[in-house]
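Student: Have a look at this prediction, sequence included:
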Amino acid sequence: VAAIAADATAPQAAPHAAASGTPPDDPVPAPRLRPTAASRPRRWLPVAAVLLAVAALPAVWFGIFGATNGTPQADLDSEDTAYSIAVLPLSARSEEAKLHRFVRMLEQDLIDSLSHATRFRVTSHLTSRSYRDSQLDAREIGRELQTAFLLSGSAELDADSITVRAQLIDSKTGAQVWAGQFVHDPAAEKAVFEEIVHGISRRLQVAVLISEGLRRERLERDDPTYGDLIQRGVSESLRSFDNPENEVIALRLFERALEKNPESNAARVGIARVLTRRVAEFRSANRLDDLARVEKMLTEALNSNPNSSSARYFMGILRKQQGRIEDSIAEFEQTLKLNPSHANAHAQLGHSLIFLGRAGEAERHIRKAIRIGPRDPTISAWYFMAGQADIFLGRYDAAIDWFEKSIKLNPASARVQIHLAAAYLLSGNEEKAIEAARAAKRAVPKLSAEWLERQASGKGHPVYLAQRDVVIDATRRALALIMQKATAN
């Protein structure tokens with residue numbers, strides 16, 4: 001969940017057009033938009049750093065963006081303006097020259113960062129800055145610029161911190177779609193600048209994707225287009241982090257998109273994404289069937305485009321779920337060759353090392369993912385991975401901290417609750433262990449000591465198996481404590 005893959009930035013062919021050579025990832029059919037103005041050279045940070053802002057965005061899973069050209073239409077309900085955005089001049093809350101310089105550079109770098117998302121049409125900096133101190137309503141500005149979304153905000157500097165506030169506005173309705181606040185130590189000016197650009201760009205794109213999916217759903221077309229289905233699938237997949245029931249909706253949308261376009265890599269990878277997550281969270285009714293279907297989807301996608309970083313990434317997930325750990329590492333390494341800023345690939349590479357008994361090495365990769373994508377929608381999974389490394393290394397208090405952070409973002413995750421119960425028991429806190437074990441049973445009603453035994457394969461690196469068995473034994477004891485409590489009552 002969620003970054004523009006390197007393989008998605010090449011010129012895209014229409015779904016049914018003849019093409020020579022290796023085709024790029026199949027994109028959402030994009031409106032024919034005019035290209036964005038060329039960005040001037042960066043003064044604060046290299047282009048590679050800005051790409052980190054979008055590297056972990058769930059869009060990378062589906063390769064949905066493609067290069068576009070043409071002329072936009074004025075109708076803000078049309079697909080031509082769906083991803084058009086203007087970064088309005090940010091207000092500086094003091095007259096200090098340093099803050100004004102910071103704000104001007106922040107505006108430019110946000111425009112540059114969003115321009116890398118080639119399906120977005122971003123209004124140029126020269127045009128946007130003409131609206132400084134404008135008294136026009138957001139809807140009027142949207143109509144004048146023919147943009148569907150506006151980003152506005154402010155910056156404030158004091159002795160201890162610099163605070164940037166940003167909000168995304170739907171220019172048709174004037175409603176606020178997203179708002180965020182970033183507070184940092186002004187001493188580390190460059191690091192502050194990079195994180196703010198990264199955070200706003202990433203969160204903004206997720207908000208736009210979800211908003212656009214809901215917009216297309218509200219259209220209630222009798223025969224939704226291929227693009228409608230892919231976009232709504234992306235939106236439902238993002239929303240499934242809060243509600244697992246949205247996975248079912250996302251899966252059906254991607255299936256319908258594949259029916260409309262049987263050569264769609266976006267649909268294939270979307271299906272793989274939903275099914276691998278279902279397996280990881282113990283929600284699969286038939287694990288082997290789901291994994292076999294993922295294998296089919298990804299094999300077809302990679303036969304179509306061997307350089308698809310999104311398909312490579314999910315092939316790595318599949319191989320890990322199949323217990324083929326060395327193969328999963330090879331896939332994640334190949335993903336990073338294709339897209340070095342793929343934060344999820346860094347995290348998953350580290351997680352695969354845990355299965356080889358190398359939890360200490362895993363930390364470096366997982367922490368790098370967290371550093372690259374501190375506000376990534378999938379960061380709860382990375383917190384879980386960091387916690388799993390710590391619990392395997394016997395650092396139970398540190399593991400609890402990671403698992404608690406993960407649970408706050410994804411309370412429906414059974415695997416995190418299972419590990420949290422074990423960590424609490426191993427640290428000597430039986431009450432908290434019981435609480436976590438009960439939450440795990442609510443997420444997976446079939447959870448029991450026998451069920452855990454069936455899930456645990458006897459194959460693997462001996463160091464990993466020994467570490468895993470400690471966790472399984474602790475979870476089994478936490479479940480037994482629940483039974484004892486029930487009997488006592």
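Tutor: The structure has been received and is ready for your questions.

Student: My guess is residue 349 contacts residue 337. True?
Tutor: No. Using CB atoms under 8 Å, residue 349 makes no contact with residue 337, being 11.9 Å away. C-beta: built from backbone N, CA, C; applies to glycine.

Student: The two: which has the busier surroundings?
Tutor: Legend: neighbour count by other CB atoms under 10 Å for residue 349 and residue 337, higher for residue 349 (27 against 14).

Student: Could you find the closest non-adjacent residue to the more buried one?
Tutor: Leaving out its chain neighbours, the residue that sits closest to residue 349 by CB to CB, 6 or more residues apart in numbering is residue 332, at 4.1 Å.

Student: same check, this time on residue 181
Tutor: residue 165 (5.1 Å).

Student: Quick check: residue 370 vs residue 176, distance?
Tutor: Applying CB to CB, to the nearest Å, the value for residue 370 to residue 176 is 28 Å.

Student: Same drill for these two, tell me which one is more crowded.
Tutor: With neighbours defined as other CB under 10 Å, residue 370 and residue 176 compare such that residue 370 has more, 18 against 13.

Student: element containing that one, please.
Tutor: helix 359-372 (DSSP states H and E).

Student: what does residue 183 give?
Tutor: Short version, using DSSP H and E: residue 183 is in strand 176-184.

Student: Neighbouring strands - and their directions - for that strand?
Tutor: Sheet pairing for strand 176-184, assigned by DSSP bridges, gives strand 162-170 (antiparallel).

Student: for the partner strand, which positions count as buried?
Tutor: In terms of neighbour count (16 or more other CB atoms under 10 Å), strand 162-170 has its buried residues at 162, 164-170.

Student: roughly how far is it from the heart of the chain?
Tutor: How far strand 162-170 lies from its chain's middle: 20 Å, per CA atoms, centre = their mean, to the nearest Å.

Student: And the strands in this protein, which stretches?
Tutor: 84-87, 91-92, 121-122, 149-157, 162-170, 176-184 (DSSP state E).

Student: any chance of these in JSON lines, plus distance to residue 484 and mean pLDDT?
Tutor: As requested, the strands of the chain are exported to JSON lines (distance: least, CB to CB, whole Å; pLDDT from 0 to 100):
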{"stretch": "strand 84-87", "distance to residue 484": "57", "mean pLDDT": "86"}
{"stretch": "strand 91-92", "distance to residue 484": "60", "mean pLDDT": "87"}
{"stretch": "strand 121-122", "distance to residue 484": "61", "mean pLDDT": "82"}
{"stretch": "strand 149-157", "distance to residue 484": "54", "mean pLDDT": "87"}
{"stretch": "strand 162-170", "distance to residue 484": "51", "mean pLDDT": "85"}
{"stretch": "strand 176-184", "distance to residue 484": "46", "mean pLDDT": "77"}
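
Student: need those in CSV with distance to residue 227, can you?
Tutor: Below are these laid out as CSV (distance: least, CB to CB, whole Å):
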stretch, distance to residue 227
strand 84-87, 15
strand 91-92, 36
strand 121-122, 16
strand 149-157, 18
strand 162-170, 20
strand 176-184, 20
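
Student: With respect to residue 433, which of those lies nearest?
Tutor: Set against residue 433 and scored by CB to CB, these come closest in strand 176-184, at 35.0 Å.

Student: Report the backbone C-alpha coordinates of the closest one in CSV.
Tutor: The C-alpha atoms that make up strand 176-184 are tabulated as CSV, following Å, rounded to 0.1, in the frame of the first residue of the first chain:
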residue,chain,number,x,y,z
GLN,A,176,-11.0,18.8,2.6
VAL,A,177,-9.8,15.3,1.5
TRP,A,178,-6.7,15.0,3.7
ALA,A,179,-4.8,17.1,6.2
GLY,A,180,-1.4,16.5,7.8
GLN,A,181,1.1,18.2,10.2
PHE,A,182,4.8,17.8,10.3
VAL,A,183,6.9,19.0,13.2
HIS,A,184,10.7,18.8,13.2
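
Student: returning to what we had before: is the residue nearest to residue 181 in contact with residue 153, as I believe?
Tutor: Yes. Contact criterion CB under 8 Å: residue 165 and residue 153 qualify, at 5.3 Å.

Student: Tell me which other helices or strands the helix holding residue 370 touches.
Tutor: Contact here means 3 or more CB pairs under 8 Å, 6 or more residues apart in numbering; DSSP states H and E; on that basis helix 359-372 packs against helix 343-354, helix 379-392.

Student: Next, format these as JSON lines and append mean pLDDT and distance to residue 122.
Tutor: Output for the helices and strands packed on helix 359-372, formatted as JSON lines (pLDDT from 0 to 100; distance: least, CB to CB, whole Å):
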{"stretch": "helix 343-354", "mean pLDDT": "94", "distance to residue 122": "23"}
{"stretch": "helix 379-392", "mean pLDDT": "94", "distance to residue 122": "26"}
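
Student: Can you tell me which of the ones you listed is packed in deepest?
Tutor: When you average the neighbours per residue for each of the helices and strands packed on helix 359-372 (mean count of other CB atoms under 10 Å), helix 343-354 leads with a mean of 27.

Student: now that helix against helix 379-392, angle please.
Tutor: 20 degrees (axes from the mean of the first three to the mean of the last three CA atoms, to 10 degrees).

Student: what residues does the helix holding residue 370 touch?
Tutor: Applying CB atoms under 8 Å, 6 or more residues apart in numbering, the external contacts of helix 359-372 come out as 52, 55-56, 341, 343-344, 346-347, 349-354, 376, 379, 382-383, 385-386, 388-389, 392-393, 467.

Student: how about 7 Å then?
Tutor: Helix 359-372 has contacts (CB atoms under 7 Å, 6 or more residues apart in numbering) with 52, 55-56, 341, 343-344, 346-347, 349-351, 353-354, 379, 382, 385-386, 389, 392-393.

Student: nearest residue to residue 356 other than its sequence neighbours?
Tutor: residue 461 (5.0 Å).

Student: Give me the phi and psi for the one you found.
Tutor: Main-chain torsions, residue 461, degrees, to the nearest 10: phi -70, psi 140.

Student: how many other residues sit next to it?
Tutor: Residues lying near residue 461 (other CB under 10 Å) number 15.

Student: Am I right that it is in contact with residue 353?
Tutor: No. Counting by CB atoms under 7 Å, residue 461 stays clear of residue 353, with 10.1 Å between them.

Student: returning to what we had before: kindly reformat the buried residues of strand 162-170 as CSV containing distance to residue 95.
Tutor: Converted to CSV, those look like this (distance: CB to CB, whole Å):
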residue, distance to residue 95
162, 15
164, 17
165, 19
166, 21
167, 23
168, 27
169, 27
170, 32
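
Student: From the residues you listed, pick the one nearest residue 289.
Tutor: When these are compared against residue 289 (criterion: CB to CB), the nearest one is residue 168, at 40.1 Å.

Student: Give me the neighbour count for residue 416.
Tutor: Residues near residue 416, counting by other CB under 10 Å, number 29.

Student: Quick check, pLDDT for it.
Tutor: In this model, residue 416 is scored at 95, pLDDT.

Student: quick one: it from residue 291, how far?
Tutor: 21 Å.

Student: circling back: got a list of what the residue nearest to residue 356 touches?
Tutor: By CB under 7 Å, 6+ apart, the neighbours of residue 461 are 355-357.
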